[in-house]
Structures are given as C-alpha cells and as structure tokens.
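> no FASTA, just this:
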C-alpha cells in the first residue's frame, strides 16, 4: 500500500515530467514572442530541479537528522523538555490562583491586594506557557509529519509555471530548518541564561548547566558482586556542591536516560543510600564521562558506569546490609540462608553493623560471644524513607594472637521484609547548593522573564534561516510558515 509521502512524490514526479514536456512544447511553438519563449528553458530547468529533489528526498531528511543529532537532543526530547516546563508552570499558576481564592474568601480587599501583588508572576506564567506551547506545537508537527511535509513541498515545487514554488520552497525550508535547529534550543537557552545570571546564578550555571549533558546507566554492587534491591545513587558535584540523585531499581541498576534525565559532565563524589546508611564509592571521585564506558547498550543511554561501594560494606541478599569496620574482608559467601565472611583484624577492636527491615532478619551465630574478650551490642530503630530499619551495632574486642576470623550469619528474611521495599518513598531529582530567599526571587524573576524572550528570539532566528533557505531552494518571495 502506498504511503502518503510516496503518493506526494509520485505526483511530484508526474508533474516534473509534465513540466518538462510543456517546456519542450514551448520551445517548438512557432510563436516568436520572447515573453512566451522564455518559459521554455525555465520549465525544463524546473523539471530537472524537481527530479533532483525527489532523488534527494531521503538524503535531505537523513542529513537534517544527522546535524540535529550533534546537539545531543532529539525533537522528542524538546517536546518532553517543554512539557515538563509547562507542567511546572501550570502547577505554579494553580497554586497562585488557589492562594488568591483563599485570601479572597477571608476578605475581598485582601484577595484584591494579593492578586495585584502576584500580577507580575501571572504575566510571567502566561509568557512561559505561550513560549513552551509554541515550541511543542512546532516540534510535534516536525516530529510526526516531517516526511509528509517534505514530500508535499516537493510536489508543490513541481507544479508547472512555478505556481506553487514559493509555498513549496518555504514549506521545505521550514521543515529542514526546524528539524535541524529545534534540538539546539536547550543550548541557546543555557547560553542566554549564562549571560543574564549574576552572583549565585552565574556561579551555579557556569559550574553545571553549561556542561555537556551525559546519559548513562550502571549497576550498583559491593566489592564482592552483591547488589541492593533498592536505594538511591547520589552524584555530588565536586565544584558546585549540587547533588543529582537517581533511584536504584530491583535489578540493582540506576538509569540516567533520555529524554527526561541527564547528568552534566564533570567531577563527582558518588554516594549510595541504602537502609538508612550512606555508603561511599570505592573511588573518591568519578569523572563523567571519562570514567564511563561508551557501550551503547541502551538506546536512551550511551554510557555505562558501574558503581562499587567501599570494601567494608556487604549487600546482604535479598534485603540487608553488613558493614565491618577494623577488619579487612578477604572472603564473602552467600546462600539463601547463610552469609559467611572471613576477615583479618587490623586492630584490637572491630565493629560490625547489621541493618535489615526485620528485627531478627540477620543474626551472627559464629563465633560465639564468649570467643571475644569483650562483646557489646547496641540496637537501634531508624526511619528510612517510609520504612523502619533495624540496626545492630556489635563492638568486639579480638583476643591476642588471632589473625583471621571466620564469621557466619543466618538470614531469616521473610516476605514482609522484602515487600517493605515497595513502600519506600524514593524520588529522583536535583538538590541545588544552598539558595537564599534573595537568590530564589532573583532566580524566578530572571529565568521566568527570560524564558519566553529566549524562546521567541530563537524562533525568530529560525524563521530568518527558513526564509534564506527558501530563497536557495528557488522561492522568489518566501513566506514564513510560523510568525
């Protein structure tokens, strides 16, 4: 079955042949009028130009996509980017309107005063919504119909006597320019924001947003190959102090994937939050993307960066954590019911921290307490993101002459402990460095006002590029598709 682009190209090919024959016919007409004869070479040239465009149809789209890919974003990324902005703006507008309504119900004068007070904020909201909606409309048209519009524009150019040449060339220029330039919009926004920011904003943006957006994923594990069932990975920017957190899923992996998530390139300190403990990574700092592997295992994340926590921590499967301090771990073995650990004491005292979601999920059964010169135990209950974590801290004094300890722990982890993982309140996001109230107000005013100006200035540049490209494609009086 013939698709719509194929149908348009077929019409364009037939019109090109018709235009060529009309040109030849005009050449042969026995009418010595220059106004008529001048159309002959023009029509033949037009038919050849349309033939070239039909031949290059796929190449034009591929070329535009290739240049757009250099931005690191796609058209769908831009749509998602603007949708997130719109959702946040709509929520802010809803909260503003709700506050006005509540205060008006208390007293009409208070409501009127507050509505006047928040009027600049409302105007900022409308400007941002208009800008975001405009980009979404244009990007959605390009994303869903660029092939059809390209074929239609070639068919319009193919109409004899250049009847549809201006419209066709303008439409084709619009599709190509939009397909190439829209993915670069976030870079334009960042550049404008940097020029506007001062003080806190300038410091943060220059250290963060101006860097290359990286998409990556990886597996979180301990030094012995065991993985957590849930938790958070936190990338803390060494320079700005900003923190990016990502959820650890059931497979032990975290995912910083397109189009909604990204990690700016740079140096980070990595932490893993699990069962109310903050575990450091085996490497003090991680360079992104230099320390990651370019694997392309996921379409949404080209890099892979596995994270290994510090050597004294063991992820007890399926749910649990064992931290041994003061004793170098040399061997770890786990089954469904048993955890065996061998370690070499580095001092007279060692400390063992056992955390689980059930009070008696993990118990140390060997060596017995009498083996140690001193045996102290402290039990704690700690809230952690919606669940209770039971922790036992064992302080053990090692007898003289002992250079190796074989420890055995029983695991009595039931279904209730495992199901508690699904009650966790885990969320992904960014924690900015400390921001004062003054910084927050400046941030909102500057960014809220600049956003629509930045977006529409970029669309203006895009329309200018479209007009000039339309002239190159043969339009004598190009038109702006959007204005």
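Here it is on my side, so go on. Because the structure is a prediction, the values reported are computed rather than measured. Numbering: from 1, shown residues only.
> would you map the helices across the stretch 51-200 of the chain?
Here the stretch 51-200 of the chain has its helices, by DSSP state H, counting those that start in this stretch, at 57-69, 75-106, 108-117, 119-157, 165-181, 185-196, 200-207.
> residue nearest the centroid of the protein?
residue 261 (2.2 Å; C-alpha atoms, centre = their mean).
> isn't that one right next to residue 254, touching?
No. Checked against C-beta atoms under 8 Å, the pair residue 261 and residue 254 is beyond contact range at 10.0 Å. The C-beta positions use only the backbone N, C-alpha and C, and glycine is treated the same way.
> need the overlap of contacts for the two.
Listed contacts common to residue 261 and residue 254 are residue 246; contacts here mean C-beta atoms under 8 Å, 6 or more residues apart in numbering.
> next SSE downstream of the lowest-mean-pLDDT helix or strand in the chain?
The least trusted helix or strand in the chain, going by mean pLDDT, DSSP states H and E, turns out to be helix 200-207, with a mean of 49. Next along the chain after helix 200-207, taking DSSP states H and E as the criterion, comes strand 213-214.
> tell me which strands that next one pairs with, and in which orientation.
Strand 213-214 sits in its sheet next to strand 263-264 (antiparallel), going by DSSP bridges.
> distance from the strand it pairs with to the middle of the chain?
Mean-position distance between strand 263-264 and its chain equals 9 Å (C-alpha atoms, centre = their mean, to the nearest Å).
> go on, stretch 366-380?
The gap between where stretch 366-380 is centred and where its chain is centred comes out at 48 Å by C-alpha atoms, centre = their mean.
> buried stuff in it?
Neighbour-count burial for stretch 366-380 flags 367, 372 (criterion: 16 or more other C-beta atoms under 10 Å).
> from the opening residue of that stretch to its closing one, how far?
Here the two ends of stretch 366-380 are set 22 Å apart, with distance taken as C-alpha to C-alpha, to the nearest Å.
> show the average pLDDT along that stretch.
Averaging pLDDT along stretch 366-380 yields 91.
> so what secondary structure elements neighbour the helix or strand residue 469 falls within?
Taking DSSP H and E as the criterion, residue 469 maps to helix 437-472. Packing contacts for helix 437-472, counted by 3 or more C-beta pairs under 8 Å, 6 or more residues apart in numbering; DSSP states H and E, involve helix 119-157, helix 165-181, helix 185-196, helix 200-207.
> mind listing what's buried along it?
439, 442-443, 447-452, 454-455, 458-459, 462-463, 465-467, 469-470.
> same check on stretch 160-171?
Buried residues in stretch 160-171, defined by neighbour count with 16+ other C-beta under 10 Å: 160, 162, 164-171.
> excluding sequence neighbours, find me the nearest residue to residue 110.
residue 103 (4.8 Å; C-beta to C-beta, 6 or more residues apart in numbering).
> how many other residues sit next to the one you found?
18 (other C-beta atoms under 10 Å).
> same thing with residue 85?
Residue 85 has 19 nearby residues by other C-beta under 10 Å.
> domains in the chain, by residue range?
4-55, 320-412 (automatic domain parsing).
> is residue 314 bridged to anything, and to what?
Applying DSSP bridges, one finds that residue 314 bridges with residue 322.
> and it, how many neighbours?
Residue 314 has 22 nearby residues by other C-beta under 10 Å.
> next one: residue 335
9.
> next one: residue 355
For residue 355, using other C-beta under 10 Å, the count is 24.
> same thing with residue 138?
20.
> residue 385 too?
By other C-beta under 10 Å, neighbour count at residue 385 equals 16.
> roughly how far does it sit from residue 431?
Counting by C-beta to C-beta, to the nearest Å, the gap from residue 385 to residue 431 is 15 Å.
> kindly report the same for residue 316.
Taken as C-beta to C-beta, the span from residue 316 to residue 431 is 29 Å.
> the two - which one has more neighbours?
A direct count of neighbours by other C-beta under 10 Å for residue 316 and residue 431 places residue 316 higher, at 22 against 12.
> grab the nearest non-local neighbour of the more buried one.
residue 322 is the one closest to residue 316 (C-beta to C-beta, 6+ apart), at 5.5 Å.
> and the one you found, what does it touch?
Residue 322 touches 313-314, 316, 339, 341, 352-355, 362, 409, counting by C-beta under 8 Å, 6+ apart.
> can you rerun that using 10 Å?
For residue 322, the contact set (C-beta atoms under 10 Å, 6 or more residues apart in numbering) comprises 222, 226, 312-316, 329, 332, 339, 341, 352-356, 362, 364, 407, 409.
> alright, calling it a day.
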